[in-house]
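Enquirer: got a predicted structure here, sequence first:
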There are 2 protein chains.
Amino acid sequence: MKTRFILINTSHAGNVGGTARAMKVMGFTDLVLVAPRWANVLNREETKQRSSGALDVLKNARVVETVEEALDGMTHLCATAMTPRDFGPPTVTPRAHFAALTSPAAQEAGHSVGERPESVAFLFGSERFGMQNEDVYRCHACLSIPTDPNFGSLNLAAAVQLIAYDWREALGGFAVQSATPPARQADAAEVAGMLKHWEQALAEIGFLDPQAPKKLMPRLNQLFNRAQLSGEEIHILRGVAKAMSQAAGKQT
Amino acid sequence: MKTRFILINTSHAGNVGGTARAMKVMGFTDLVLVAPRWANVLNREETKQRSSGALDVLKNARVVETVEEALDGMTHLCATAMTPRDFGPPTVTPRAHFAALTSPAAQEAGHSVGERPESVAFLFGSERFGMQNEDVYRCHACLSIPTDPNFGSLNLAAAVQLIAYDWREALGGFAVQSATPPARQADAAEVAGMLKHWEQALAEIGFLDPQAPKKLMPRLNQLFNRAQLSGEEIHILRGVAKAMSQAAGKQT
């Protein structure tokens, strides 16, 4: 879905760079700055440094004078505000709102008006003052990130990061790459066979008294059950048992 | 649940301050630094500035020499790594892993070993090199934040922010305060009455031809249905209709 991030009256170059980076790691590239404190903020050294390579986002970003100009083509507007307003759009959490926007019901409705939007813009106010009321009022929803009521001081780029993350996840998310192939789990017979091997070896090294075994083997059984052993780990543990027997001077 | 954030070999003071702030907005306060680049990083000006008032987190933070020292008392260890390892704990997304850790099944199991942990530590490697293999290997899970496969360059403090957010949400989350009381929704009879009022007023101002009404009223009906009018908005719309009639020179 077409997605735009709009920063209004941003003061700190670092936050513009951090925003570009936060957007790009979540696969978003459309950034518009409304009347930033520094007209040349997109070209400042600190901005580039903090973007950490998200230079294409900075290069494609637009700087405009008014919020109206930033909103062209966008259909669903999400304000962000730490302090709720006594008037205006409903205050919602990002996660709940994004689930509603992308729910199967909204998707089935397809292009019918009033359901799943065609495009979404996220508006962020200045570091010190947040969004102005008139800008909040024109939005469809006011996103509030749930934070500690005693310390709601969320950094601007951090807020962008959280919104971009939740929105990307709601849109289906990126895959996570795993380099550890899923291990084949050992079945109960393999575990029982390995335990038999251990019982014998533990007796041979004198740790287990076959005449008074107490609850040693059931304890080990429970331990290995919880560990959810793989086939390869059964091999390792049988190797340990074999070495114990050899150390005790007896070949198994 | 007892929660600790551990930064290993961190280079940038700004990231230490940003981490303190990111933790505190999500209600976490236990920070440990393992062999940071600057031994005095907790007292540097940039650290304090970027913490934006999370000075108590910095003040209570510990600086230690080894990962072992940082882990005292922690039972469940989550590594964070952008590049998967071909050996070690399973690679999981934060959201899925946290749901499993805090699932009702894990909660019912209470203090039984192998289920819901008593405490959780999140380990973050250095900005340039990430975590060392031996530190990843000792962990129970390796968290990977799903990012754009073409640009996985997540800032350290931003990664802490996302993990802290997801973990706080999994623990039940903070409430979001709304200053807009939920509006009473208008019922169908109120909407129909208001539409009758509009139909009359639109005829009086010459916009609706009662002899050839076309589909104007059904269209307005659909529009107002989608808008899910409140009782107060019915009042406003009836006021508009009244003013239209008055403007047309006829009292309703």
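Expert: Thanks, I have it.
Enquirer: which residues does stretch A:186-193 contact?
Expert: Outside stretch A:186-193, the residues that touch it by Cβ atoms under 8 Å, 6 or more residues apart in numbering or on different chains are A:Met194, A:Asn221, A:Phe224, A:Asn225, A:Leu229, A:Ser230, A:Gly231, A:Glu233, A:Ile234. The way it works is simple: take the backbone N, C-alpha and C, and place the C-beta from them, glycine included.
Enquirer: and the stretch 151-252 of chain A, which of its residues are near chain B?
Expert: Within reach of chain B by Cβ under 8 Å from any Cβ of the partner chain, the stretch 151-252 of chain A has these residues: A:151-155, A:157-158, A:161-162, A:165, A:168-169, A:173-180, A:226.
Enquirer: cutoff 6 Å now
Expert: Counting by Cβ under 6 Å from any Cβ of the partner chain, the stretch 151-252 of chain A comes close to chain B at A:151, A:153-154, A:158, A:161-162, A:165, A:173-174, A:176-179, A:226.
Enquirer: just the helices from the stretch 1-150 of chain A, written as ranges.
Expert: Ranges of helices in the stretch 1-150 of chain A, per DSSP state H, counting those that start in this stretch, are A:13-25, A:45-51, A:55-60, A:67-70, A:94-101, A:104-108, A:133-137.
Enquirer: which of those helices is buried the deepest?
Expert: Most buried of these by mean neighbour count (mean count of other Cβ atoms under 10 Å in any protein chain shown) is helix A:13-25; its value is a mean of 27.
Enquirer: between that helix and helix B:13-25, how big is the angle?
Expert: Here helix A:13-25 runs at an angle of 70 degrees relative to helix B:13-25 (axes from the mean of the first three to the mean of the last three Cα atoms, to 10 degrees).
Enquirer: reformat the residues of the stretch 151-252 of chain A next to chain B as a markdown table; add secondary structure.
Expert: As requested, those are arranged in a markdown table below (DSSP: H, G, I helix; E, B strand; the rest coil):
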| residue | secondary structure |
| --- | --- |
| A:Phe151 | coil |
| A:Ser153 | coil |
| A:Leu154 | coil |
| A:Ala158 | helix |
| A:Gln161 | helix |
| A:Leu162 | helix |
| A:Tyr165 | helix |
| A:Gly173 | coil |
| A:Phe174 | coil |
| A:Val176 | coil |
| A:Gln177 | coil |
| A:Ser178 | coil |
| A:Ala179 | coil |
| A:Arg226 | helix |
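Enquirer: show me the beta-bridge partners of the closest residue in space to A:Pro117 that isn't next to it in sequence.
Expert: Closest residue in space to A:Pro117, ignoring its immediate chain neighbours: A:His76 at 3.5 Å, by Cβ to Cβ, 6 or more residues apart in numbering or on different chains. Counting by DSSP bridges, A:His76 is bridged to A:Val120.
Enquirer: dump the residue contacts of A:His76.
Expert: A:His76 sits next to A:Pro117, A:Val120, A:His140 when contact means Cβ atoms under 6 Å, 6 or more residues apart in numbering or on different chains.
Enquirer: returning to that earlier point: and which of the residues of the stretch 151-252 of chain A next to chain B is nearest A:Gly14?
Expert: The shortest approach to A:Gly14 among these belongs to A:Ala158, at 11.7 Å (Cβ to Cβ).
Enquirer: so that closest one makes contact with B:Gln161?
Expert: Yes - between A:Ala158 and B:Gln161 there is a contact under Cβ atoms under 6 Å: 4.6 Å.
Enquirer: look up the closest residue to A:Lys24, ignoring the ones flanking it.
Expert: A:Lys24's closest residue in space is A:Ala54 (Cβ to Cβ, 6+ apart), at 4.0 Å.
Enquirer: can you list contacts of stretch A:224-231?
Expert: Against stretch A:224-231 from outside (Cβ under 6 Å, 6+ apart): A:Ala183, A:Arg184, A:Ala186, A:Val191, B:Gly114.
Enquirer: 10 Å instead?
Expert: When contacts are defined by Cβ atoms under 10 Å, 6 or more residues apart in numbering or on different chains, stretch A:224-231 is touched by residues A:182-188, A:190-192, A:194-195, A:198, A:233-237, B:112-115.
Enquirer: just the terminal-to-terminal distance for that stretch.
Expert: 12 Å (Cα to Cα, to the nearest Å).
Enquirer: any residue of stretch A:7-17 up close to chain B?
Expert: Yes - using Cβ under 10 Å from any Cβ of the partner chain, stretch A:7-17 reaches chain B at A:Gly14, A:Gly17.
Enquirer: returning to what we had before: and the residue nearest to A:Lys24, what pLDDT?
Expert: For A:Ala54, the model assigns a pLDDT of 97.
Enquirer: returning to that earlier point: what touches both of A:Ala158 and B:Gln161?
Expert: Jointly contacting A:Ala158 and B:Gln161 under the rule Cβ under 10 Å, 6+ apart are A:Ala22, B:Gly18, B:Arg21, B:Ala22, B:Val25, B:Asn155.
Enquirer: next up, the contacts around the residue nearest to the fifth one when sequence neighbours are not counted.
Expert: Across the structure, with Cβ to Cβ, 6+ apart as the measure, the residue nearest B:Val25 apart from its sequence neighbours is A:Thr147 (4.4 Å). Counting by Cβ under 10 Å, 6+ apart, A:Thr147 touches A:82, A:153-154, A:159, A:162, B:24-27, B:164-165, B:168, B:173-174, B:176.
Enquirer: and if you look at A:His97?
Expert: A:His97 makes contacts with A:His76, A:Cys78, A:Pro90, A:Thr91, A:His140, A:Ala141, A:Cys142, A:Leu143, A:Ser144, A:Asp166, A:Trp167, A:Ala170, as judged by Cβ under 10 Å, 6+ apart.
Enquirer: and the gap between the last one and A:Cys139?
Expert: This points to A:Ala170. 18 Å (Cβ to Cβ, to the nearest Å).
Enquirer: among the two, which residue is more densely surrounded?
Expert: Shown here are A:Ala170 and A:Cys139; by other Cβ atoms under 10 Å in any protein chain shown, A:Cys139 has more neighbours (21 against 18).
Enquirer: pretty sure that one contacts A:Ala79?
Expert: Yes - using Cβ atoms under 10 Å, A:Cys139 is in contact with A:Ala79, at 4.0 Å.
Enquirer: can you list residues touching both of the two?
Expert: Listed as contacting both A:Cys139 and A:Ala79 by Cβ under 10 Å, 6+ apart are A:Gly88, A:Pro89, A:Ala121, A:Phe122, A:Leu123, A:Met131.
Enquirer: now, among those, which is nearest to chain B?
Expert: Using Cβ to the nearest Cβ, A:Gly88 comes nearest to chain B of the shared contacts of A:Cys139 and A:Ala79, at 6.7 Å.
Enquirer: and the gap between that closest one and A:Ser126?
Expert: Distance of A:Gly88 to A:Ser126, computed by Cβ to Cβ: 18 Å.
Enquirer: kindly report the same for A:Ile145.
Expert: Counting by Cβ to Cβ, the gap from A:Ile145 to A:Ser126 is 17 Å.
Enquirer: quick one on the thing from earlier: need the contacts of A:His76 in CSV (columns: neighbour count).
Expert: Formatted as CSV, these follow (neighbours: other Cβ atoms under 10 Å in any protein chain shown):
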residue, neighbour count
A:Pro117, 19
A:Val120, 22
A:His140, 17
